[in-house]
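Novice: need a 3D model of the following:
(one chain, ligands or ions: 2)
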Amino acid sequence: MNCSFAVCRPDIGCGPDGVNKKIVTLSECCTDISAHMQVIKQCKGSPEIKSEIELIMTRAGLFSKWNDDNTFMTICPQHRFQLGLGFRPNWRGYCEIKLCHATQVKATRTLNMSNVMGAYKQYDKLYPLGSYVCDNCWKQMTTKVTLENFKTDNTACAQLR
Ligand SMILES: [Zn+2]
Ligand SMILES: [Zn+2]
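Specialist: Ligands and ions are numbered 1, 2, ... in the order given. Predicted coordinates:
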């Protein structure tokens, strides 16, 4: 069994995570995410994301696949950890987006689901949900999109099909 996420997030190497070694089907990923959503300060910011699967899909940029049949998808422990509950924004609290500055700027908020989808449409860049962002960069993320906008979007990780 191969990891489906090796294609869309090759920046993360497939492998074990220290505890788990097995590749599982995505539908087996059903750990409670509420503590994680609080860590990334999304307890109120992203009411759309309710499950570990949706969290992983969002960080992989697979917005159009939310409502699709994803039972064919599989995931290795590393992709599951880094796209899911293992993700942490940088600990010093600096802006990780750097749309309008090259130097370190203190962040004031974290990216929510709407920001991530908007930046993907606007800049063709995938920023991880929960990343720190400063006021000025956040103001550059003006495109408002919803999951509906991605329904017919085949560009995101089309290779998976
Ligand atoms: Zn993998
Ligand atoms: Zn910034």
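Novice: let me see the mean pLDDT of stretch 114-122.
Specialist: On average, the pLDDT along stretch 114-122 is 90.
Novice: ok, now which ones touch residue 48?
Specialist: For residue 48, the contact set (Cβ atoms under 8 Å, 6 or more residues apart in numbering) comprises 54, 113, 147. Just so you know, the C-beta spots here come from the backbone N, C-alpha and C atoms, and that holds for glycine as well.
Novice: could I get those residues as JSON lines with secondary structure, distance to ligand 1 and neighbour count?
Specialist: Below are these laid out as JSON lines (DSSP: H, G, I helix; E, B strand; the rest coil; distance: Cβ to the ion, whole Å; neighbours: other Cβ atoms under 10 Å):
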{"residue": "54", "secondary structure": "helix", "distance to ligand 1": "18", "neighbour count": "20"}
{"residue": "113", "secondary structure": "helix", "distance to ligand 1": "23", "neighbour count": "20"}
{"residue": "147", "secondary structure": "helix", "distance to ligand 1": "24", "neighbour count": "16"}
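Novice: out of those, who's nearest residue 20?
Specialist: residue 54 (20.4 Å; Cβ to Cβ).
Novice: can you give me the strands in this protein?
Specialist: Along the chain, counting by DSSP state E, strands occupy 24-25, 74-75, 109-110, 132-133.
Novice: out of those, deepest packed?
Specialist: Greatest average neighbour count among the strands of the chain goes to strand 132-133 (a mean of 25), per mean count of other Cβ atoms under 10 Å.
Novice: so for it, mean pLDDT?
Specialist: 94.
Novice: same check, this time on stretch 146-161
Specialist: 58.
Novice: contacting residues for the most centrally placed residue in the chain?
Specialist: With distances taken as Cα atoms, centre = their mean, the residue of the chain nearest its centroid is residue 59 (1.4 Å). Residues in contact with residue 59 (Cβ under 8 Å, 6+ apart) are 9, 83, 84, 87, 128, 129.
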